[in-house]
Structure formats: C-alpha cells, structure tokens
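S.K.: Sharing a sequence plus its predicted fold:
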Amino acid sequence: MNPVYYLYLAALLFTIGATGVLIRRNAIVVFMCIELMLNACNLAFVVFSRMHGNLDGQIIAFFTMVVAAAEVVVGLAIIVSLFRTRHSASVDDASLMKL
Amino acid sequence: MSFPLLTATAVLPAAGAVATAAVPAARRTAAKWLALLVSLATLVLAIVVMVRFDPGGARYQLTESHAWIADFGVRYELGVDGIAVALLALTALLIPFIILAGWHDADPLETGSKRWRPTQGFFALILAVEAMVIISFEATDVFLFYIFFEAMLIPMYFLIGGFGDRAHAQGEEAASTQRSYAAVKFLLYNLVGGLIMLAAVIGLYTVAGNFSLTEIAQARANGTLHMATSTERWLFLGFFFAFAVKAPLWPLHTWLPNAMQESTAPVAVLITAVVDKVGTFAMLRFCLQLFPEASKWATPTILVLALISIIYGALLAVGQRDIKRLVAYASISHFGFIILGIFAMTSQGQSGATLYMVNHGISTAALMLVAGFLISRRGSRLIADYGGVQKVAPVLAGTFLIGSLATLSLPGLAPFVSEFLVLVGTFTRYPAIGIIATFGIVLAALYTLVLYQRTMTGPVKPAVSAMPDLKARELVVVAPLIVLLIFLGVYPKPVTDIVNPAVNQTMSDVHKTDPKPAVEAAK
Amino acid sequence: MSQQFAAYATSTGEAFQFWVLGTVAVIGALSTVFMKRAVHSALSLAGTMIVLAVFYLANGAYFLGIVQIVVYTGAIMMLFLFVVMLVGVTAADSLKETIKGQRWLALLCGVGFGVLLFAGIANASLKNFDGTGQANANGNVQGLAALIFTKYVFAFEITGALLITAAVGAMVLTHRERTERPKTQREQSEQRVREGKHLPPLPAPGVYARHNAVDIAGLLPDGTPSELTVSKTLRDRGQLRDVSAQALGDLRALEQRSEERLERTPVEPANLKRGEEASK
Amino acid sequence: MENLIALLIAAPLLGAAVLLVGGRRLDAVGHWIGTLLSTTSFVFGVILFADLLGRNADDRTLMQHLFTWVPVAGFQADVTFRLDQLSMTFVLLITGVGSLIHLYSVGYMEHDERRRRFFGYLNLFLAAMLLLVLADNYLLLYVGWEGVGLASYLLIGFWQHKPSAATAAKKAFIVNRVGDMGLSIAIMLMFTTFGTFAFGPVLSHATDASEGRLTAIGLMLLLAACGKSAQVPLQSWLGDAMEGPTPVSALIHAATMVTAGVYLIVRSGAVFNAAPDAQLVVTVVGAVTLLFGAIVGCAKDDIKKALAGSTMSQIGYMVLAAGLGPIGYVFAIMHLVTHGFFKAGLFLGAGSVMHGMNDEVDMRRYGGLRKYMPVTFVTFGLGYLAIIGFPGLSGFFSKDKIIEAAFAKGGTEGWILGTCALLGAAITAFYMTRVMLMTFFGEERWRNQPTRSPEAPSAEPAAEHRGEHAEPHPHESPKVMTIPMIALAIGSVFAGGFFSIGDRFLHWLEPITGHSEGDSPLSAGAVTGATMVCLVIGVGIAYLQYGRRPVPAVAPRGSLLTRAARRDLLQDDFNHVVLVRGGEHLTRSLVYVDHTLVDGVVNGTAAGFGGLSGRLRRLQNGYARSYAVSMFGGAALLVAATLLMRAV
C-alpha cells in the first residue's frame, strides 16, 4: 500500500469536517468539525514528515495541536458566554451582521 | 509681490462662508447680513478686477502662480482673460441678489413641522459655491480647475437636497423624497461627468507632463507638444462630456429640470445662472484651447446636439405644467444657443455665446426669482393654480413679464443682442443650422407668453385673490436686474469690449477666421 | 521496528490497519457531522481522533500519537463534553436546515473541494517516501526536542505565550465580574416582600410521588403544569417534561383493562377529552 | 437739426418710462402726460419736416449717430437714425394720428382704472414705431419691429382679465414672431452677403449680389412683412387683435403698425428691384390678401372685425403696390397715409358707436344711429366715402393709382393683378356700404332687445359695470373724442387730393423710392372708369341686400362662402388643427419621451444597479454559515485555479 492513501484519508476527513461546519448550527458541533479539519491536516503533516524523512512536519502538527488547544479554550469560552446572553448555542442566532 | 487680487475674490466668500456658518444658531439674522455683506464685498472686488483688467493687454492678467504639488507639476495658477472677467463679474453680481431673494427661504418652518432648516448653513453654502465658481473661472491650471469644478457639487448637493419650497402640493414627505431624488440625480450626473474628466485630466498629464493651461496651449501652438489624433480626440471627449453634463447639453440634461424644480428659486438661479456657466465657460477655455483640432473634428456633432437642445428644450418648455420646470427647459434651450455659439467658431458666435452667458444669467435670475416670489405666495409651482395675478399684484406681474420678455430675447433687452450674435455667427458658417435655430425664437415666445398668459392674465382665481404685491426687499432684488437687462440690451459695449480680445485669441487658437461676406465692397 | 514502518511501500499489516481503521475514522467523522446530539458527535469525534493517533504512530510520529490521545482525546474532547453539559441540548441540534439552499451549497462545495483535493493529490508526484527511520534514529522525542528547542524555539515560545493568553482569555470571557455586593438572604426576602410577589418559596417540582424529577413541572389544581416550579435553566433549554396527561392516560388504561375484564362495551367519557387536549 | 431726431423717439419713450414706473400717484394726470409727450414728438416732427422742405430734394437725408451698439469683429451695429422723406412721412403719420388718438383715448378710456398704464403703453408704441421708421440699419429696425410687437401685445391684452384678450395678445405676438424669424434670417443673409446690414451699403450694393441671395433676402423680408402687416398666410392674428380697446385698433392695427411691412418692403426696394421673383411673390401675397381680407370683411357682423378685414384688404393693396417695384412704391406709401387717416377715422367712429351703445359690437344690433350720433355719422361717413374710393376723396386718388399701377405691371401678371385690384374695389364698396347701412341706417334694432345673448362678444369690460341688460341709449361722444374724429375726417377727405394734385407726393418721395411710369395697357381714364363701375356695383348690391330689406337680428346661416368667411376662411381652423393640435401632441409626446426615454435610460441604468445591489444584498444575510459557504467556495475556486494553472 502506498502511504499516499493517508493523504486521501486526510483530504476526505477535511472535507467532511468542512461540510459539517457549513451544515451544523450547534456552535459546539461546528467547533468539533473544525477540530476534525485540524486533525485531518495534522495527519497530512505527519505523512509529509514521513515522505520527506524529517521531523519538521511533526513539529508543525505539534504546533497545530497547541494552537488548536488554545483555540478550543477561547472558542468554548465564547460559546459559553454567548449562551449565557442569548440562551442559545446556535450560530444562526448570532446573525446581526446583515444589513 | 503685488496684492493677490484674484485669490482675494475667492478667499473672501470662502472665509465668509466659514464665518457665516459659525454664527450662533439663535442669531440667524446676523448670519444673513454677514453673508450679504460678504457677497457685496466680493462684488466690489470683482469690480476692481474688472477695472484693473486691460482689454488690450496680455491674454491672462492679474496672474498668480505658486508651486503646489510639485511632484505632479500641479501649480496654483490663477489668471483671467476677458471671458473669465465677464463671468466673474456676473457671479459676483448675482450672488447678493440670490442671497437677498432667499432671505426667508431657510427660516425655520412654522411650529409643527419636523424639518430643521439651518439658516446659517444655507447662506454659508451659497457663499461656498460662489468661492468655488469664482476660482474655477480664474484657474489656469487644469488640475486646480478640476478640483473646484468637482468640489462645488458638494455644497450644491446640500443646497438642492436640504432646502426646498416652503409649501408643497403633495405634502412634506413627498417633497422630501423628490428633493433627495433631485439632489442625488444632480450629484450622480455631474460626478459621472467629473470622473470621466478626471481620467482625461490624468491622460493630459501623461501626454503633456504638466497641468498648466498656458504652457500646454503654448506648446500646442508651437508644435512642441504633439498629440496623436486619437489621443487628442479622446481627451477632448473626456473634457467635453463633463462640461456638457454641467452645461447641460441634450441628452445629458435631465438632471436640470429636477434640480431646479425641487430647489428654492434662489438656488435654482444659482444652478442655472452661475454653476452651469462653468460648463460652457470651460468649453471655451479648455476644450478649444487644449484640443483645437479635436474641437473642430467634433464640431458638427456638437452643433447638431446644441440644435436639438434649442428646439427640444423649447418644445418641452411649452409642454410643462410646473413653472420652475418650464424655466429649466427654457434654460436648456438657451444653453443650446450658448454651445452653438461657442462651436460655430466665429467671433460673432463666441462673443455672442459669452455675452449670452452673462445675459442668460441675469435674465434667468430675473424670471426665476420673480417666479420664486410668486410661488412662495401661493405655495404651488403648478401653472394651473394661478390666474389673474396681474389684477392683484401688478408690479409682480410686470416684473415677471419683463423677465419673460428677456427670456424670449426681445430686442432692446440684453439677451437679444447675444442671441442674435450667436445666430449670425452660426449662420455665417452653417446657414442651415442657423435657420433651424431661429425657430427657437418662435418657440421661446410661445412658452414664455403661454406661461404669462396662464398665470398672470384671465379671471382672478380665488386662491390668488389675496396675493400681496412685491415687497420692498423683493423689489430691491428685481429692479436692478431689470435695469441691467435694459442697459445691456441698449449698450452691451462694455461687456463686448472686454470679451472681444479674448474671443479673438480663442479663434486664433483654433486657427479659424470669420467667413468673408459675398460682396465685400459693401463694407 | 521503525525501519519497517518507515519503508516506502507499507507492509500488508499496515495496509490492513489502514483500511480497517480508516473506515472507522471516516464513519466517526460522518457521525460527528450527522449525529443529532452534541454528545454523540463528541464521542464520535473522540473515536476518530483515537484512530488518528494510531495512524500517527504508524507513520512514525510516536510523540504526536501519544499527545493526540492524551491531550486531544483526553483533555480537549473532555472540555467539549463539559461545555455540552453546561450548554445542554438546544433547538440548534435540529438537523432541519433553515437557510435556503445552504445545505446544497455546502454539499456542492464540500464535494467539489474534496474532488479538487483528491485530484491535486493524485496529480502530485508522491512516489518517493523517505520514511522517518533516519530522523527517528535517536528516538522520536529526542529528535522533536532537538528541533523545537533550536530551529523552532521562537515559535515554541510564542506558542507558550499564546496558551497563556488563551487561558486568560477564556477566564475573562467566562468570568462575570460582580459590580456590587451580593444580596444576603435577608435582603432578598425583604425585597420580595416589598415587591409583593412570591412571598412563600417557589413551589416544588414534581407531581405526587410518581414524578418528582426536577424537569417535571408541578401541576396546578386545574391540572395544568406550572412553569414556576422548575429551574430557570431547564425552562430556557426547553427541557421540561409534561406529565399532566399521564395520570389520565393511566386511568384510561386502567378503565379499559377493567372493562375488558368485565366485558363491557367501552364508554368514552366525554369529560376526559378536555384533559387530552390539555396534554397536547 | 439732426439732433432733434433722437428727441422724436425720446419724448414718447420718456412718457412710457414715467407712466409705467411712476405708479399710482400719476393716475390723475397720466393721460395728459402721455398726450403731451406724443404731441411734443409731433411738434418735433413738424419742425424737422419744415427743415427738410427747406432743403434740396437730394439733400433731404439727415443722419444722427448716437453710439456704437454691438461691436463684434465684422459685426458692427450702430444706433444711428436716418430721417429722409420716407421716414419723415411715417413720422408725421405716426405722431400726428398717434396724438389724435391719444386725445381720443382720454375720453374713451375715462372710466378705466388703468388709464395711466394704457397711455404708457401707447407712448411705448409710439417710441418703438418711430424707432422702426427712423433706424438706419436693419438690426435697429428689428428692435423697433419687435418693440411695436410688444406694445401691440400689451395693448391687445390690455383687458387681461378677459381670457379672450389675453389669448389674442399672445396669438398676435407669436404669429408676429414667425414673421420676425424672417426678418432675422434676412439680416443674417445680409450680413453674410454684404458684411453689414446698414441701409446705405446694403441698398447701394444690392445689385452686386447674386440674384439668388437677393431673392432669399426678399422672401425673408416678405415673411416679416406678412407677420407684421397681417398678410396671408400670417394674417390670422389681426381679427383677434380687435379684442384690444378701440383706440388701439385704430392706431396700431389700422393706421400705423400694420403698415410697417409695407414700409419694410418699400425701404428695401433696391433689394426687391434686383429680385423679380421675390417681387412677384410680394404682388401675389398682396393680391391674395386684398381679396381675402375683403371677403372676410363682408361676412363679419362684429363692426371691428369687419373693419379689421378691411384693413387687411387695404394693406393688401399697399403690398401689391410695393411688389410692383418703382411703379408702385410711391402709391403704396400714399395709400398707406390716406388709409391711415380714413381707417383710423373709421375705427374711432366705430369706437364712438360702441361707446354710445353699451359696448355692443354686433352690427345686427345697431341700426338708425345717424339721428343719435350726428358727428360720428358724418365723420364715419366721410371715412366710408374715402375708403370706397368716392371720387375726390383720399381713397379715390391713392387706390386708383394702385389699380393703374397694377395694370401697368404689364403682361398677364398685370391683367391678373389689375383685375384682382378692381374686384377688391368692388368688394370694398360692398362691405363698407354694408357696415354703413347696418350701423347708421335702417330700423333701430337695438330697441326691444333688452337682453343680449350670452354668446355675444363683449369687447369692453366696462359693459358689466354699466349694466348690460339695460336698453342702450345711443348718444354722441364727448368733445375730446369727436375732435380727433373730425380731424381725421378732414384728412380722409383732403389728403388724397392734396398729395395727388401736382404729384406732390410723388416728387417728395421719388428721391428715395425712385419712380417709373410703367406702360399700362389701359389708359388712366379707363381704369378710373372701371373702378367707378366696380364701386357702383358694390354699393348697389349692398344697398339691395341691406338697405332695402330689414337686417335680421340673428345672422342667417348663409352660403358656404359666407360661413367660411365668418371663420376667417377657415384659416384659423387650419392653424388650430395643424399647428396648435399638432404642436400640443408634439410637446406632449416629447415630454413623455424626455421622461421615459432620455431620463429612462439613465434611471434604468440606476435602477439596474439598484436591483443588482438588492440581489447582492440578500447574500449578506448575517448568517456566519452562509459566509462560510462563500469562503469555502472561494477556497475551492482558488484551489481549482491553482490546479488549472499548473495543468496549463
């Protein structure tokens, strides 16, 4: 088996995650889909690392994880505070950006 | 360095505008007087300019030149030729009358109305327009001209959109909608024209390397600045389009009826008698001087458009039901005459056109301001709402009649001389166009006299029966204009003397000479 | 062992592992997206992540594989579950689309993007896999550490700052500053008396002895449920259970049974209808 | 002496300015100021006339240069006056008749509260008319030309509160403007041809120009003359112009202004002499109009309109004469002067009748008035005899000469024109006798008709105040009105004889207009005889129809021709249908076009952008997910683009 299939998997997962972001309204699930996309990227980085025979790809994946962690912390905090004021976790309820 | 007289003529009203705007809200009367005094002082300065100007002297006089934006070769260059002096004087002359005529136009409405009418703003805006128009007449730097040509749209926009007639048949709400429509239309039309001109201005810079009118014109004349034929034509069209919108030339005219209809009479006068003149003036100064060959190339088309303007404007004026709209279409017809005169490329035509600009300013001011007094009395712009005014307000009717007669170019009143010069000037080169344009004088009689007949004569309508005659203030506005109309009709020499040398210069710019008469012995 | 994993063509074992676990991962991802309840989504995602951790390990990224399980699956996903618990299940969980055309556009974009990605990968010449054997020669963690503290040290430090900031940010966002002294119980009761409402304690939730759960509203004497009896949070979430009709249903079932036993024709008591309607 | 010329104009101009600007405080004396200044002008005229008479026939041209008016390159217009025999004749006619009519108006307008204004307008008219005849170039003449048009407009519409008067005034001005167009084109043609439009150079070099240009100039001048002198096809305004006060009709629409066209043609004689085609058109217009006016005059029951038809017809004679060239110029002017006397007298008489008859204008409600208004009867009668060409009176001499000259034109044209002129004389005799009989003879039809039908035209507004339902009490007019009538009657009787005996008038004008006898196929006696026969026939028919039989109080339906003539031979209807209706449709459709098409294109563009923005705005629905879709789609597009670029 060619390891390139890992990349196909990563692409598939990324696409599924992206579609989920677009489809789901629950902000928490949307966040989970984003995590899924990030993970798919991480997989790709790891595979690239294997492809090139150095560890830089893994380092990037590592940083991605850290950033993802920070993002989740802040994002969830935002969701919680949003829920407190609006009593809803739906992303569609925060639609004040229209004209 | 001598006293910068030309700058002063523009700075004075500009400073006056700022000062007027700064008058506290409660002291509106003081603001009015301040504006009036400033405009009168500007008139004095304009007279000084006129006196200091030597018709036989250099082409541009009283020049000022300072570096401004060195990187682009933009200079602060002012200078006046005879044409500019005449129009400068016209502007300075009309503004005091406009201010005086609009004395109560920006007073707060009676209690109960929600509209806020900043008196100070009204007069400050008028002065601001005056300053910008004056500097447009004086600028000999294309870029400087462009800036003020465009900038005057801003105060005009607020004047049209912010101040309408006191009473409106369809109520305040509808009036407000129509006003903003008119103001936006005015702005968009002129902005589109201006933006096209901006492109041409930039194009001119890339070709010529600087913006100085005198330098470019001279380089063109020497042959040191060569322009490809197509380049010259495109640049010409870019400039001409902007001026044709402003002038306005058919079919770019439709903003004018709306703007004049919705604004108060003094502002309407400001539009048609002062601001629009910048367009025709610029055709003479910029189009002909900078692009003589392209001007000649475009002449047939422009003449036909001008001819259409004359006849079309007059016919539409006949068909109007609204007094101000009628005057607006009449103005379109008159602007057709002016443009016809400019592009006939004869000295009679161009002198006539310049004279026409001055005379049209005065005659339209007279007619429109009296119409404004009439409208403010009855609270309606519709012709059908009037009738028999002559019986109850004979002085008003009399002045209105004189304004109408001036509009139809009755011999003995100023516009006749200019209209006839334009016709003769056109006829000598283009007989057919001259003859067709002559039909305009019949139509002019039709629309003005029909207007007079429907409003002033006939049985007195009940709504008109208590109409007061002209008040002292209004008489002060109208009487001098009428005196001027008669004076310039009988003795236009002071103006023609100033204008003629400049016209001869322009004629030589475009390398044209007057056609010779068939029988020369008669001279 | 590392050599083997890092080889250009993978072993049959890895292939088998890939196809099995890959399927699981895709199924987990799909259920993350399509599960109605956030909890289920979170659990599916956790499963996918674990599978990914295994893949990391299989690709020679041992450290990341462990971190994936510990940090991601262990910490972050648990954080998600906490938040789900706090926020609860809301109307947002409905999968019914409210924005016109959104779903189709999303699917179109998704499929299109996926196809493009696949095409891109297929297009790229990805034949030559060096394997991580060389890089992991001194151990994966040591190798990573050498890079992080040399080449990527600035990024690493900045990441630290980012984490601190995120932590502070989360606190700031969720923490509500009290601007005045909280009212004591005494003050609260005095206020209630002054305002003249609900002098006694709020009624308790639950009905009789059968339904004493907190999410069941107490019934008023006329049989209608009173929302006052349940906590505000549950009310906001719309998680109240209505049991006002249940007793009647039970009664009806009892009657039916007794009548069957007594072999009578069932009589529909007219006065019961009202209760049914109220329960709807 | 030259300096007096400007004073001729200045006096009435001053009067106009003072009276119109002076306001109500001059109401009490305004009419006397006007009359005084008009008389002053007449006195100046007489002084100048005496001066001219004292000079040699070749030296009778006085020039006064005031100032340069419009100096633009080759286009030099000066304010210069020229007083020669031709202008002098007009000056005396204008100021003389004008002063008499001023005097008459003092009485006639006594009850009008706007009498001061009326005199202001009259003075304005005098000034403009004098400017017209004294100008030394065509452009200055144009000023006077339009000036009289303005005065005519103001005076026809003097009773502005009557819509009919206002409409008539407007119509007069606009029809005249069509003529003015001709004048301005003629001036432009002169400028391109000669480089100038002053009388001297243009007329002396007329022969240098090509005949085509001269014909064009001539035809344009004729167009101008048609407008001002109410010649076919621009005659339609004159009948309506009778809405004005009667003195106005007498002064402007009979004696002076309407003859300006004749002046123009005679003045431009040199141009016409060199353009035979134009001359031919002039004679045709004159002949057609003289018959047209005469026919219309036969059918009108309104005394003023009957006289207006007559005016038209008589001016037709003059234009005919002027078109004949040097044979006719002098007689055109002579007829013009005599016509000025008798027609003004007739109008003043008509005014006097109306004055005594509660402003009734319908001749069918007159009758037998000779007993009640003896002075009016006598003066009107003398005017009547003069106009029909009764031997010995003014009209006889002048009209006879014109008919002679028409025959003298020679060839077929001469015969046709002469016959037309003779026919016209017969019709003139008919309709004037009709007017005379219906007004002063027969039964008193105004009795037993206390009420008038509401449709009856009411010329004078004062009728409403005087009680229109009362039976009229015919009475003679006051002295201030009768004296001018008597003066004009004297002129009507003796002027012709005075001019003709010894060919005084011919010798006076000949240096300016030139003269040639032509060769008439008929002897002078034969023409006179034929004229007399025509006269007798005309009078006879009229007597049979109106003298022997009672005049019905309501006009009978009449023949087709009569009915057409009552409607000005349908020319007004033609104008209405073709020009007015057509114009209305044109303007209305243009307004529509302007709104929908010209404005529509722009507004359509704007609306298009507006609509597009409206659509685009919906994309901004505020949902983060929607934005995310577009972002994702954008990312996909970018990837696709990248791939494509790589592939390519």
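M.R.: Alright, I've got the coordinates.
S.K.: Please enumerate residues in contact with the helix-or-strand element of chain B with minimal mean pLDDT?
M.R.: Across the helices and strands of chain B, mean pLDDT, DSSP states H and E gives its lowest value to helix B:213-222, namely a mean of 83. Outside helix B:213-222, the residues that touch it by C-beta atoms under 8 Å, 6 or more residues apart in numbering or on different chains are B:60, B:77, B:79, B:140-142, B:145, B:204, B:208, B:210, B:225, B:227, B:285-286, B:289-290, B:292, B:509. Using the backbone N, CA and C atoms, a C-beta is placed for each residue, glycine as well.
S.K.: again, but for stretch B:179-193
M.R.: By C-beta under 8 Å, 6+ apart, stretch B:179-193 touches B:150, B:153, B:156-158, B:160-162, B:164, B:241-246, B:248, B:252, B:254-255, B:258-259, B:261-263, B:271, D:602, D:606.
S.K.: Return the members of those residues classed as buried.
M.R.: B:150, B:153, B:156-158, B:160-162, B:164, B:241-246, B:248, B:252, B:254-255, B:258-259, B:261-263, B:271, D:602 (16 or more other C-beta atoms under 10 Å in any protein chain shown).
S.K.: From the contacts of stretch B:179-193, list the ones also adjacent to chain C.
M.R.: Applying C-beta under 8 Å from any C-beta of the partner chain to the contacts of stretch B:179-193, one finds that nothing falls near chain C.
S.K.: From these, which land in helices?
M.R.: In helices, defined here by DSSP state H, the members of the contacts of stretch B:179-193 are B:150, B:153, B:156-158, B:160-162, B:241-246, B:255, B:258-259, B:261-262, D:602, D:606.
S.K.: Outline the domain layout of chain C.
M.R.: C:11-92, C:139-167, C:205-279 (automatic domain parsing).
S.K.: Chain D is nearest to which of the ones you listed?
M.R.: domain C:11-92 (11.6 Å; C-beta to the nearest C-beta).
S.K.: Distance from the closest one to the middle of the chain?
M.R.: 13 Å (C-alpha atoms, centre = their mean, to the nearest Å).
S.K.: and what of stretch D:168-188?
M.R.: That offset, for stretch D:168-188, works out to 11 Å (C-alpha atoms, centre = their mean).
S.K.: Give me every residue in the stretch 151-280 of chain C that's in contact range of chain A.
M.R.: So far as C-beta under 8 Å from any C-beta goes, the stretch 151-280 of chain C lies against chain A at C:152, C:155-156, C:159, C:162-163, C:165-167, C:169-171, C:173-174, C:236-237.
S.K.: that older thread, inside strands: which ones of the contacts of helix B:213-222?
M.R.: B:77, B:79 (DSSP state E).
S.K.: and the contacts of helix B:213-222 near chain C, which?
M.R.: Filtered for proximity to chain C (C-beta under 8 Å from any C-beta), the contacts of helix B:213-222 leave an empty set.
S.K.: Give me the buried subset of the contacts of helix B:213-222.
M.R.: For those, buried by 16+ other C-beta under 10 Å: B:60, B:77, B:79, B:140-142, B:145, B:204, B:208, B:210, B:225, B:227, B:285-286, B:289-290, B:292, B:509.
S.K.: highest average neighbour count across the domains of chain C?
M.R.: Compared across these, domain C:11-92 shows the largest average neighbour count, a mean of 20 (mean count of other C-beta atoms under 10 Å in any protein chain shown).
S.K.: Could you check that one against chain D for contacts?
M.R.: No. Using C-beta under 8 Å from any C-beta, domain C:11-92 never reaches chain D; the gap is at least 11.6 Å.
S.K.: quick one: buried residues of stretch B:27-47?
M.R.: B:28, B:31-36, B:38-39, B:41-43, B:45-46.
S.K.: if I look at the closest residue to chain C within chain A, how far off is chain D?
M.R.: Closest to chain C within chain A is residue A:53: 2.8 Å, counting by C-beta to the nearest C-beta. According to C-beta to the nearest C-beta, to the nearest Å, residue A:53 and chain D sit 25 Å apart.
S.K.: Residue B:143 too?
M.R.: On the measure of C-beta to the nearest C-beta, residue B:143 and chain D end up 28 Å apart.
S.K.: cool, and residue B:414?
M.R.: From residue B:414 over to chain D (counting by C-beta to the nearest C-beta), the distance is 11 Å.
S.K.: thought residue B:46 was touching residue B:95?
M.R.: No. Judged on C-beta atoms under 8 Å, residue B:46 makes no contact with residue B:95 at a distance of 9.7 Å.
S.K.: Residue D:564: neighbour count?
M.R.: With neighbours defined by other C-beta atoms under 10 Å in any protein chain shown, the count for residue D:564 comes to 17.
S.K.: same question, residue B:349
M.R.: If we define neighbours as other C-beta under 10 Å, then residue B:349 has 32 of them.
S.K.: middle-most residue in chain D, spatially?
M.R.: residue D:258 (3.6 Å; C-alpha atoms, centre = their mean).
S.K.: Report pLDDT for it.
M.R.: Residue D:258 is assigned 89 on the pLDDT scale.
S.K.: Find me the pLDDT at the closest residue to it other than its chain neighbours, would you?
M.R.: Spatial nearest neighbour of residue D:258, chain neighbours left out: residue D:229 (5.1 Å); criterion: C-beta to C-beta, 6 or more residues apart in numbering or on different chains. Per-residue pLDDT puts residue D:229 at 89.
S.K.: Contact partners for residue D:229?
M.R.: Counting by C-beta under 8 Å, 6+ apart, residue D:229 has contacts D:258-262, D:315, D:318-319.
S.K.: Likewise for residue D:222?
M.R.: So residue D:222 contacts D:182, D:265, D:278, D:281-282, D:285 (C-beta under 8 Å, 6+ apart).
S.K.: can we see that at 7 Å?
M.R.: Listed by C-beta atoms under 7 Å, 6 or more residues apart in numbering or on different chains, the contact partners of residue D:222 are D:278, D:281-282, D:285.
S.K.: what about it, which helix or strand?
M.R.: If you go by DSSP states H and E, residue D:222 is part of helix D:211-228.
S.K.: At the contact with chain D, which residues of chain C appear?
M.R.: By C-beta under 7 Å from any C-beta of the partner chain, the residues of chain C that approach chain D are C:99, C:102, C:105-106, C:109, C:112-113, C:116, C:119-120, C:123.
S.K.: what's the closest of these to chain B?
M.R.: The nearest member of the residues of chain C next to chain D to chain B, counting by C-beta to the nearest C-beta, is residue C:99 at 34.0 Å.
S.K.: any idea how far residue B:461 is from residue B:375?
M.R.: 15 Å (C-beta to C-beta, to the nearest Å).
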